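# When you get a sec, could you give me coordinates for this:
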Amino acid sequence: MSRPIQFNNHPFRFLLYLEWILLAIAAISAIVPYPISRYSNYTGYPGLTIFSLMIFTILGLRLPTNKQFHKILYTALQVILIVVIALFWGKPARIFPVIFLIFVIRSCLIFELPGRLVVTSISFSLFLLTLRIRFYHSPIPAIVNERFRFFGLNLSILFLLTLIFTLLLMNAVLSERQSREKLAAANKKLREYALRIENQATLEERNRLAREIHDSLGHSLTALNLQLETGLKLWQANPTKAEGFLTRAKELGSKALQDVRESVSTMRSHPWQGESLEQAIITLLEDLEHTIGVKPTYNINFSEQLSSEISVAVYRIIQESLTNISKYANPPEVKLEILTSPTELYLQIQDTGIGFDLNQNTTGFGLQSMRDRTEALGGKFNIETTPGEGCKIQVNIPIYHF
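Numbering: from 1, shown residues only. Just a heads-up that it's a prediction; the model follows:
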């Protein structure tokens, strides 16, 4: 705790109430007349005693916990008040060590263990001083010497045990409170971490959804647009051929609508339904042939069983690559090769189109999406391209068997 302990933030309010009750009892005992008339003339200074008790009580309303100097000054002031009360109590047989216990309890709230031990030692020393003053400097030393020789020793041992018990009890209570505070702080941090993870997961899911929609819907709409453009150009010169392009455009429009529905409702399922991965890739190659009029060559060999995550990633990477080829490359030749080994999948997509400057065209969402998918599976993504010399994409993804 960095700020002072006050009434409104006292860690153990019941201790404060207990202080008031015990100090009130001590104050009353300083006022009530001595029951033995023989020693009733020993009055002391009850006004000064009560005033000192009031100051001691007020000090309990604000305990320093920050600067060490303030703690030491506060403790010294309490020692002075205790000495004043011990000297001017005025009732030689009324030894009520409440104030010493309160002194130790307060020290437990403001000091660490070494400081608590020092204050406990000071408290016991002050008690011995008070005991000596009460019994050996009172008007009745003869009674004490003859009848209560061992009374002071027994009382000292009893009070020492009480101080030790109080110190151990306060240490246990404070340790338990600190454990609860640390647990509460740990729970708070855990909730913060959980919220961060949730936000990060939400962000990653949004990015994944964006990739899925871009890769699936973008491919279909790009092909649809090319079919419509070609159909419009041929509408006057060759209506029959234009009708074929428009029919293909209608099919692509239906596929785009299906992709939207799948992206919204079944994003976690395979992008192909009722087909194998190999057949789904061949379908993509056939779509490219219908779009640009170039028949791709391919070599697909799945000798190893692929996980769902790898299968979807491979499909989406090929889909995005073919989409880019149909939009920008204008290639006379397209080659695709997929090979698997017991430990790795190798994918290469190559075209002999116009290519592009890699230093100026690496910020597109499609290229970044392919790279992200590959690296998310622990793979390596590489692209080689030069203007006028086509483009080659190579993907290596490790295959794990469980």
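# how far does stretch 389-402 sit from the chain's center?
Shown here is stretch 389-402, whose average C-alpha point lies 37 Å from the average C-alpha point of the whole chain (CA atoms, centre = their mean, to the nearest Å).
# CA-only coordinates of that stretch, as PDB, when you get a sec.
Backbone C-alpha positions of stretch 389-402 (Å, rounded to 0.1, in the frame of the first residue of the first chain) are rendered in PDB as follows:
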ATOM      1  CA  GLU A 389       9.400 -13.100 -68.100                       C
ATOM      2  CA  GLY A 390       6.500 -14.400 -66.300                       C
ATOM      3  CA  CYS A 391       6.100 -15.400 -62.600                       C
ATOM      4  CA  LYS A 392       6.800 -18.400 -60.500                       C
ATOM      5  CA  ILE A 393       5.400 -19.100 -57.000                       C
ATOM      6  CA  GLN A 394       6.900 -21.800 -54.800                       C
ATOM      7  CA  VAL A 395       5.400 -23.000 -51.600                       C
ATOM      8  CA  ASN A 396       6.800 -25.600 -49.100                       C
ATOM      9  CA  ILE A 397       4.600 -26.700 -46.200                       C
ATOM     10  CA  PRO A 398       5.700 -29.300 -43.600                       C
ATOM     11  CA  ILE A 399       3.500 -32.200 -43.100                       C
ATOM     12  CA  TYR A 400       3.000 -33.400 -39.500                       C
ATOM     13  CA  HIS A 401       1.800 -36.900 -38.700                       C
ATOM     14  CA  PHE A 402       0.200 -37.500 -35.300                       C
END
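# quick one: average confidence on it?
Per-residue confidence for stretch 389-402 averages out to 87 on the pLDDT scale.
# what comes up buried for that stretch?
Of all the residues in stretch 389-402, those buried under the rule 16 or more other CB atoms under 10 Å are Gly390, Cys391, Lys392, Ile393, Gln394, Val395, Ile397, Ile399. In this view, the C-beta of every residue, glycine as well, is placed from N, C-alpha and C.
# Could you pull out the buried residues of the helix or strand that contains Tyr74?
Here Tyr74 is covered by helix 68-87, with elements defined by DSSP states H and E. Of the residues in helix 68-87, those with enough neighbours to count as buried (16+ other CB under 10 Å) are Lys71, Tyr74, Thr75, Gln78, Leu81, Ile82, Val84, Ile85, Ala86, Leu87.
# Pull the number of nearby residues for Asn382.
The tally of other residues near Asn382 (other CB atoms under 10 Å) stands at 12.
# Does Glu375 touch Phe381 like I think?
Yes - in this structure, Glu375 is within contact of Phe381 by CB atoms under 8 Å, at 6.6 Å.
# Of the two, which one has the most company?
With neighbours defined as other CB under 10 Å, Glu375 and Phe381 compare such that Phe381 has more, 18 against 12.
# Not counting sequence-adjacent ones, nearest residue to that one?
Residue nearest to Phe381 in three dimensions, not counting chain neighbours: Thr374, with 4.0 Å by CB to CB, 6 or more residues apart in numbering.
# Tell me which residues are up against the helix or strand harbouring the one you found.
Secondary structure assigned from DSSP H and E places Thr374 in helix 365-376. With CB atoms under 8 Å, 6 or more residues apart in numbering as the contact definition, helix 365-376 has outside contacts at 207, 210-211, 214-215, 218, 313, 316-317, 320-321, 323-324, 361, 380-381, 383, 393, 395, 397.
# Out of the buried residues of helix 68-87, the closest to Tyr17 would be?
When the buried residues of helix 68-87 are compared for distance to Tyr17 (CB to CB), Gln78 wins out at 19.2 Å.
# what sits against the closest one?
The contact partners of Gln78, by CB under 8 Å, 6+ apart, come to Phe56, Leu59, Phe103, Arg106.
# which residues sit in contact with the third one?
What it means is Phe103. Contacts here follow CB under 8 Å, 6+ apart; on that basis Phe103 touches Gln78, Ile82, Val119, Ile122, Ser123.
# quick one: which of the residues you listed is nearest Ser341?
Val119 (74.2 Å).
# quick one, helices of the chain?
Assigned helices in the chain, in chain order: 13-31, 46-59, 68-87, 98-110, 113-136, 141-147, 151-234, 239-265, 277-292, 308-324, 365-376 (criterion: DSSP state H).
# Out of these, which gets the lowest mean score?
Comparing these by mean pLDDT, the weakest confidence falls on helix 141-147, with a mean of 51.
# For Asn225, see how far away the residue lying closest to Val314 once chain neighbours are set aside is.
For Val314, ignoring the flanking residues on the chain, the nearest one in space by CB to CB, 6+ apart is Leu347 at 6.2 Å. Shown here: Leu347 relative to Asn225, a distance of 27 Å by CB to CB, to the nearest Å.
# Distance from the chain centre to the helix holding Thr374, please.
What separates the centre of helix 365-376 from the centre of its chain is 29 Å, taken as CA atoms, centre = their mean.
# try stretch 114-133
Centroid separation between stretch 114-133 and its chain, computed with CA atoms, centre = their mean, is 46 Å.
# can you start the count at 502 instead of 1 from here on
Okay, using 502 as the starting number, the last item reads as stretch 615-634.
# Now do the buried residues in that stretch.
Gly616, Arg617, Val620, Thr621, Ile623, Ser624, Phe625, Leu627, Phe628, Thr631, Leu632, Ile634.
# How much space separates the fifth one from Val580?
Put plainly, it is Ile623. Going from Ile623 to Val580 by CB to CB gives 7 Å.
# picking up where we left off before, got JSON lines for the buried residues of helix 569-588, with distance to Ile526 too?
Rendered in JSON lines, the data for the buried residues of helix 569-588 read as follows (distance: CB to CB, whole Å):
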{"residue": "Lys572", "distance to Ile526": "28"}
{"residue": "Tyr575", "distance to Ile526": "24"}
{"residue": "Thr576", "distance to Ile526": "24"}
{"residue": "Gln579", "distance to Ile526": "19"}
{"residue": "Leu582", "distance to Ile526": "17"}
{"residue": "Ile583", "distance to Ile526": "16"}
{"residue": "Val585", "distance to Ile526": "19"}
{"residue": "Ile586", "distance to Ile526": "14"}
{"residue": "Ala587", "distance to Ile526": "17"}
{"residue": "Leu588", "distance to Ile526": "20"}
